[in-house]
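Participant: following is a predicted model, sequence given first.
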Amino acid sequence: MRQDHRLRTLPIPPAGAGTAIAVLDTGVATKHPFFGNRVKTEACYSVNDDSYGATSLCPGGTTEQQGSGSADSEAGPCATMGDACSHGTHVAGIAAGDGTGVSGAPVRGVAPGADLIAIQVFSRFDSDDYCGAGASPCVLSFTSSQIKGLEKVSALKTAGTNVAAANLSLGAGRWTSECASDPRKLIIDNLLTQGVATVVAAGNNGYTDAVSAPGCVSSAVTVGATTDDDQLATFTNRGPLLDYFAPGTNIVSSVPGGGYASLNGTSMATPTCPAPWRSSDRRSPPRA
């Protein structure tokens, strides 16, 4: 049974002021004008593993790095990979961008007053066995890196940072029922008890009865995508494990280099969903 989130509503005031949103992704272009110097914390957890053809994307080439610049997608190995590391910057802009006084920018993200915690959890892969034929190099994420990133979020919350949500616009697999044995479940459960929602993309496979992992974890908030006219996006996964639908097509947000781009996916829908938790409506999330 999906866990009841009623006692775990997130304390995000209007516009997110006084809170922080963690984006576990491909890093964030921390100096992008859409963020207005609100990327307050950075960390990188990225694997080196010759058997996978995987190398770390942390700027120093290590498997773990913290502090300023450690999750900057415009520095280190990410800076040499073109658009491969742009995903996290786009997601962060949807969550907390602020276009006030910024030429050419969208008006705002969901919580333009919130601070951002940028956590790089991807690695570079140079094998077509994992990237697909002719698609290497690419960036993919190890579960172990995601767990370390979520543990970092938990530690920040414990230390006093008012983290409202951890965004995971990633996933893999096909799950029609809850994945109680997923190794990420323990830390996602723990974050929920701390008042931090782990908001996860449902996936883009078009499944009508399944979602990707870790969206199958009972304590996660799992998000599918709709179109501009409030219809189901053709690509969105859905089913009984889904918590919310949100707009996920033609979403314009920030990308590295100081610009903006339109993207589609449940990845784009996911960062809009700290918004329902701001409401005084304390009912549990609707089920699809």
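Facilitator: Now that the structure is in, tell me what you want to look at. Residues are numbered from 1 along each chain as shown.
Participant: when you work out contacts or count neighbours from here on, use the C-alpha atoms and nothing else.
Facilitator: Will do.
Participant: would you mark the buried spots in the longest helix belonging to the chain?
Facilitator: In the chain, assigned by DSSP state H, the helix with the most residues is helix 143-159. By neighbour count with 16 or more other Cα atoms under 10 Å, helix 143-159 contains the buried residues 143, 145, 146, 147, 148, 149, 150, 151, 152, 153, 154, 157.
Participant: who does that helix touch, helix- and strand-wise?
Facilitator: Packing contacts for helix 143-159, counted by 3 or more Cα pairs under 8 Å, 6 or more residues apart in numbering; DSSP states H and E, involve strand 20-25, strand 39-45, strand 163-168, helix 185-193.
Participant: now these in CSV, with mean neighbour count?
Facilitator: Listed next are the helices and strands packed on helix 143-159 as CSV, based on neighbours: other Cα atoms under 10 Å:
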stretch, mean neighbour count
strand 20-25, 28
strand 39-45, 24
strand 163-168, 28
helix 185-193, 19
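Participant: what's the closest of those to residue 93?
Facilitator: strand 20-25 (10.1 Å; Cα to Cα).
Participant: report the distance from stretch 91-109 to the chain centre.
Facilitator: Distance of stretch 91-109 from the chain centroid (Cα atoms, centre = their mean, to the nearest Å) equals 17 Å.
Participant: that stretch spans what distance, first to last residue?
Facilitator: By Cα to Cα, to the nearest Å, the extent of stretch 91-109 from end to end equals 10 Å.
Participant: contact partners of it?
Facilitator: For stretch 91-109, the surrounding residues in contact (Cα atoms under 8 Å, 6 or more residues apart in numbering) are 21, 23, 28, 33-36, 110-116, 169, 252-254, 259-260, 267-268, 271-272, 274.
Participant: how about stretch 122-133?
Facilitator: Stretch 122-133 has contacts (Cα under 8 Å, 6+ apart) with 25-26, 45-48, 52-57, 134-142, 145.
Participant: hey, C-alpha coordinates of that stretch in CSV?
Facilitator: What follows is stretch 122-133, C-alpha atoms only, in CSV (Å, rounded to 0.1, in the frame of the first residue of the first chain):
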residue,chain,number,x,y,z
PHE,A,122,25.6,11.0,-13.0
SER,A,123,28.7,9.4,-14.5
ARG,A,124,30.1,9.5,-18.1
PHE,A,125,29.6,6.3,-20.0
ASP,A,126,31.8,5.6,-23.1
SER,A,127,30.2,2.2,-24.0
ASP,A,128,27.5,1.7,-26.6
ASP,A,129,26.5,-1.3,-24.6
TYR,A,130,24.9,1.1,-22.1
CYS,A,131,24.3,4.3,-24.1
GLY,A,132,22.8,2.6,-27.2
ALA,A,133,24.2,2.0,-30.6
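Participant: out of the contacts of stretch 122-133, list just those in helices.
Facilitator: residue 145.
Participant: now the contacts of stretch 122-133: which count as buried?
Facilitator: Buried members of the contacts of stretch 122-133, counted by 16+ other Cα under 10 Å: 25-26, 45-48, 53-57, 137-141, 145.
Participant: check for me that residue 254 belongs to a strand.
Facilitator: Yes - Residue 254: assigned to a strand according to DSSP: H, G, I helix; E, B strand; the rest coil.
Participant: SS state for the closest residue to it other than its chain neighbours?
Facilitator: Once flanking residues are discounted, residue 254 sits nearest to residue 260: 4.4 Å by Cα to Cα, 6 or more residues apart in numbering. Three-state call for residue 260 (three-state DSSP): strand.
Participant: start the count at 577, not 1, going forward
Facilitator: With the count now opening at 577, the last piece we talked about shows up as residue 836.
Participant: report the contact partners of the closest residue to residue 784 other than its chain neighbours.
Facilitator: Distances taken as Cα to Cα, 6+ apart place residue 814 nearest to residue 784, at 5.1 Å, with adjacent residues excluded. Residue 814 makes contact with 778, 782, 783, 784, 785, 786, 787, 800, 864, according to Cα under 8 Å, 6+ apart.
Participant: now do residue 646
Facilitator: Residue 646 neighbours (Cα under 8 Å, 6+ apart): 618, 619, 620, 634, 635, 696.
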